[in-house]
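A.B. asks: Could you look at this predicted model? Sequence included:
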Amino acid sequence: MKMQLSSTYTFENFKQELRERLEEWTLRNLDSDGLRRSAVKILLMEKNGQPHVLLTKRTEKVSTHKGQISFPGGGYDETDDSILDTAYRETFEEVGIPEENIDFIGQFDDYVSIFGHHVSCFIGSVPYPVEYRFSRDEIDDYIEAPLKLFADLKYDRIETYNHEGKDVAVYYYYFEGYEIWGLTARILTDFARKVLKN
């Protein structure tokens, strides 16, 4: 997919192409027995003539992934009607963007985190500039990173970790002094290879 927007290939064109690719994609659904259900929102926006993605830096107060870069999202609550509702609720609680301001684009693969969470990934877009209202207990800072960084697989290094007897490739990206790694980098790398590739 084109990462440079223009008068002939606008952000609306980009979103429509992405929506069509996600509709054709065969989702990887996982068995969530014994795993805590969670959901994240991959929020895209048009900035400086390119699609950008919203990432947040977690505080040291949260229970997991302290200080790490992540997507808006969190755990399923019994009051949620669906796991998609979880993604919307958590996004609003963390960064203050209400559901009605998010244009739903589609769903990407499910993942299992090393903390035993079954994570569902939903893609949406928001108008730029974005009006944020951060939960300061959860979010310390944020990044609007160019999607091209991940589409071009511009990671700085790969490290291999052994988790429960399996070797896992861990990607590290650096942007404006921030280190993006772990499940967030894994999702963006897979998303680039499976959906954004030409």
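C.D. replies: Perfect, thanks for sending it. Numbers count the residues shown, from 1 in each chain.
A.B. asks: can we go C-alpha only for contacts and neighbour counts from here?
C.D. replies: OK.
A.B. asks: all helices of the chain, in order?
C.D. replies: With helices called from DSSP state H, the chain shows them at 11-24, 83-95, 148-151, 182-191.
A.B. asks: Output these in JSON lines, with mean pLDDT, distance to residue 120 and mean neighbour count appended to each entry.
C.D. replies: Formatted as JSON lines, the helices of the chain follow (pLDDT from 0 to 100; distance: least, CA to CA, whole Å; neighbours: other CA atoms under 10 Å):
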{"stretch": "helix 11-24", "mean pLDDT": "98", "distance to residue 120": "14", "mean neighbour count": "16"}
{"stretch": "helix 83-95", "mean pLDDT": "97", "distance to residue 120": "7", "mean neighbour count": "22"}
{"stretch": "helix 148-151", "mean pLDDT": "97", "distance to residue 120": "19", "mean neighbour count": "20"}
{"stretch": "helix 182-191", "mean pLDDT": "96", "distance to residue 120": "10", "mean neighbour count": "19"}
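A.B. asks: Same list (these) but as CSV, adding distance to residue 142.
C.D. replies: Compiled in CSV, those are given as follows (distance: least, CA to CA, whole Å):
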stretch, distance to residue 142
helix 11-24, 22
helix 83-95, 9
helix 148-151, 16
helix 182-191, 14
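A.B. asks: give me the number of residues near residue 47?
C.D. replies: 17 (other CA atoms under 10 Å).
A.B. asks: Residue 57 now?
C.D. replies: For residue 57, the number of neighbouring residues by other CA under 10 Å comes to 22.
A.B. asks: Select the longest strand from the protein.
C.D. replies: strand 36-47 (DSSP state E).
A.B. asks: Quickly run through the sheet partners of that one, with directions.
C.D. replies: strand 50-58 (antiparallel), strand 73-75 (antiparallel), strand 117-125 (parallel) (DSSP bridges).
A.B. asks: out of the ones you listed, nearest to residue 84?
C.D. replies: strand 117-125 (7.3 Å; CA to CA).
A.B. asks: Let me know which of the helices of the chain is the nearest to residue 77.
C.D. replies: Nearest of those (CA to CA): helix 83-95, 7.0 Å.
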